[in-house]
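> With the sequence up front, the predicted model follows.
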Amino acid sequence: MTVIGLDDTDSREQGMCTTYAATLVADAIREAGGRVERRLLVRLNPAVKHKTRGNAALALHADVSPETAMDLAADVVDRLAIGDDPRTSPGVVVANGDPASVPESVRAFAREAVREFHATDDAVGLAESAGCRHRGWSGGRGRIGALAAVGAWAAFDEWTYEQISYREFDRCGTSRAVDDDSVFAAAEAAYPDAWDTVDTEEGQAVCVPNAPGPILYGVRGDDADAVRRVADAIESEPVERTALFLTNQGTDAHLRAGTLDSVEDGRAYRLDGRVYADPETRAGGHVFVTLADEGGETLPCVAFEPTKRFRDRVRALREGDRLTVCGEVSGGTLKLEKFAVRSLDRVETVVPDCPDCERRMESAGRDQGYRCRDCGTRRAGKVERRVERDLEEGWYEVPPCARRHIAKPLVRGGFDGATHPER
């Protein structure tokens with residue numbers, strides 16, 4: 001078996017897509033008499049500044065020789081990579097042997113690529129020490145993702161599926177013709193086995209991208225047959241080709257446990273704490289809330305405007321609520337992807353009402369409690385009152401229209417509490 005990893009053939013402005021390049025390499029392998037056993041779509045650290053969109057790297061597991069694999073992959077990159085974009089820096093890495101038996105150093109590199117940062121020189125050095133062939137274009141930064149994709153099958157245990165349908169290549173850059181009604185009908189029929197196909201509240205076909213690349217639509221889920229059925233039921237412009245990928249999308253593989261005093265920019269965390277002060281809506285519609293730990297360490301968290309109705313969940317928090325929050329830290333602020341309410345502060349301290357006339361009492365003077373002006377009734381201090389809350393305990397998440405590729409939707413299950421899925 002030969003493992004082919006490739007990355008960074010596309011461009012933010014000019015399109016293309018590394019999944020499409022990998023699909024063409026797979027076609028070339030079949031035409032050469034070989035067989036592709038599986039295709040991996042591996043989402044890496046979403047905080048990497050050089051990423052195009054979702055920071056995906058690709059791997060193919062095939063039964064051709066490493067020499068043939070490199071020749072076929074290099075030919076596709078030569079023909080299709082966006083060479084005139086200075087941000088595009090393709091790379092190919094080819095390993096000989098069982099993808100489940102790559103060296104531990106390569107597995108560790110793959111795991112770290114989802115949560116940390118790597119340098120090109122480190123990737124090249126490790127590829128050579130592991131006996132991998134490699135080639136880079138325009139600096140070859142893509143060898144980082146390519147090597148991570150080579151190690152991914154051995155590094156990760158949890159995989160989901162994405163069925164990608166590609167448009168005719170000469171249509172790239174034009175508006176996509178996809179019938180939304182057929183997308184919503186297919187999504188409803190397959191939910192929850194296929195998820196994040198649409199956003200029902202926003203009325204958005206999430207599976208249809210806006211970027212100028214060759215993807216027409218991509219359907220994600222836990223069941224291979226389900227994502228195929230949804231893709232087959234969508235009515236659209238002609239589909240040039242399709243491909244089914246195993247992927248770490250929807251797994252939360254980027255999250256790590258942490259504490260408020262140890263977070264670093266560019267990493268994604270799962271953190272516990274209490275709400276330090278009531279949420280605040282700022283310019284642009286972004287909602288901020290500060291988390292605190294028992295030692296007094298604080299961390300601002302934000303639900304940005306594109307998270308839409310999720311912001312209402314954040315606004316419903318109040319000082320004293322205990323939470324688990326998940327998201328990437330950037331500029332010292334955690335960008336919320338989901339949070340769990342562990343306990344709600346349901347009591348507030350208020351000025352008492354008069355038990356006789358039910359009027360609000362007034363201060364009787366410094367350290368003298370409260371009195372009713374009309375009845376003369378007195379109380380020693382403020383009283384506690386139960387507060388009705390718009391939240392329940394459990395997990396809340398951003399809607400499908402704002403979900404990161406790698407973030408785990410609540411509908412997939414496995415969470416340590418009740419869930420309130422968005423769909």
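Sure, I can see it.

> Stretch 17-34: which residues count as buried?
Judged by neighbour count using 16 or more other C-beta atoms under 10 Å, the buried positions of stretch 17-34 are 17-26, 28-29, 34. For glycine as for every other residue, the C-beta is placed from the backbone atoms N, C-alpha and C.

> Now find how far off-centre it is within its chain.
Put simply, stretch 17-34 sits 27 Å off its chain's centre (C-alpha atoms, centre = their mean, to the nearest Å).

> Convert the C-alpha atoms of it to CSV, please.
Below are the C-alpha coordinates for stretch 17-34, written out as CSV (Å, rounded to 0.1, in the frame of the first residue of the first chain):
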residue,chain,number,x,y,z
CYS,A,17,-9.8,22.9,-4.3
THR,A,18,-7.3,20.3,-3.0
THR,A,19,-10.2,17.7,-2.7
TYR,A,20,-10.6,18.1,-6.4
ALA,A,21,-6.9,17.6,-7.1
ALA,A,22,-7.0,14.5,-4.9
THR,A,23,-10.0,13.2,-6.8
LEU,A,24,-8.1,13.7,-10.1
VAL,A,25,-5.1,11.9,-8.7
ALA,A,26,-7.4,9.0,-7.7
ASP,A,27,-8.8,8.9,-11.2
ALA,A,28,-5.3,8.8,-12.6
ILE,A,29,-4.4,5.9,-10.3
ARG,A,30,-7.3,3.9,-11.6
GLU,A,31,-6.4,4.7,-15.2
ALA,A,32,-2.9,3.4,-14.5
GLY,A,33,-4.4,0.1,-13.4
GLY,A,34,-4.3,0.8,-9.6
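
> Show residues contacting it.
Under the criterion C-beta atoms under 8 Å, 6 or more residues apart in numbering, residues 4, 6-10, 35-36, 39, 41, 56-60, 62-64, 68-69, 72-73, 75-77, 80-81, 164, 166, 211, 213-215, 241, 243, 245 lie in contact with stretch 17-34.

> With stretch 66-73 instead?
For stretch 66-73, with C-beta under 8 Å, 6+ apart as the criterion, the contacting residues are 2, 4, 6, 25, 28-29, 32, 34, 60, 62, 64, 92, 94-96, 133, 135.

> Are any of the residues you listed buried, and if so which?
In the contacts of stretch 66-73, the ones that pass as buried (16+ other C-beta under 10 Å) are 2, 4, 6, 25, 28-29, 34, 60, 62, 64, 92, 94-95, 133, 135.

> what helix or strand is the nearest residue in space to G54 that is not next to it in sequence on?
Closest residue in space to G54, ignoring its immediate chain neighbours: H405 at 4.5 Å, by C-beta to C-beta, 6 or more residues apart in numbering. Following DSSP states H and E, one finds H405 outside all helices and strands.

> try A69
Remark: A69 resides in helix 66-80, with elements defined by DSSP H and E.

> average pLDDT across that helix?
Mean per-residue pLDDT for helix 66-80: 94.

> Next: stretch 387-400.
Computed over stretch 387-400, the average pLDDT equals 94.

> repeat for stretch 249-258
Mean pLDDT, stretch 249-258: 97.

> Quick check: chain neighbours aside, which residue is closest to G34?
Using C-beta to C-beta, 6+ apart, the closest residue to G34 is V64 (3.9 Å).

> which residues touch the one you found?
Contacts of V64 were listed using C-beta under 8 Å, 6+ apart, and they are 2, 29, 32, 34, 72.

> now C301
C301 makes contact with 288-291, 314, 325, 327, 333-336, 339 under the criterion C-beta under 8 Å, 6+ apart.

> from those, which single one is nearest R385?
Using C-beta to C-beta, V289 is the member of the contacts of C301 that sits closest to R385, with 22.9 Å.

> before we move on, what SS does the residue nearest to that closest one when sequence neighbours are not counted have?
Computed as C-beta to C-beta, 6+ apart, the closest residue to V289 that is not its neighbour in sequence is P279, at 4.2 Å. With DSSP: H, G, I helix; E, B strand; the rest coil as the basis, P279 sits in strand.

> Next, count neighbours for P279.
For P279, the tally of surrounding residues (other C-beta atoms under 10 Å) stands at 20.
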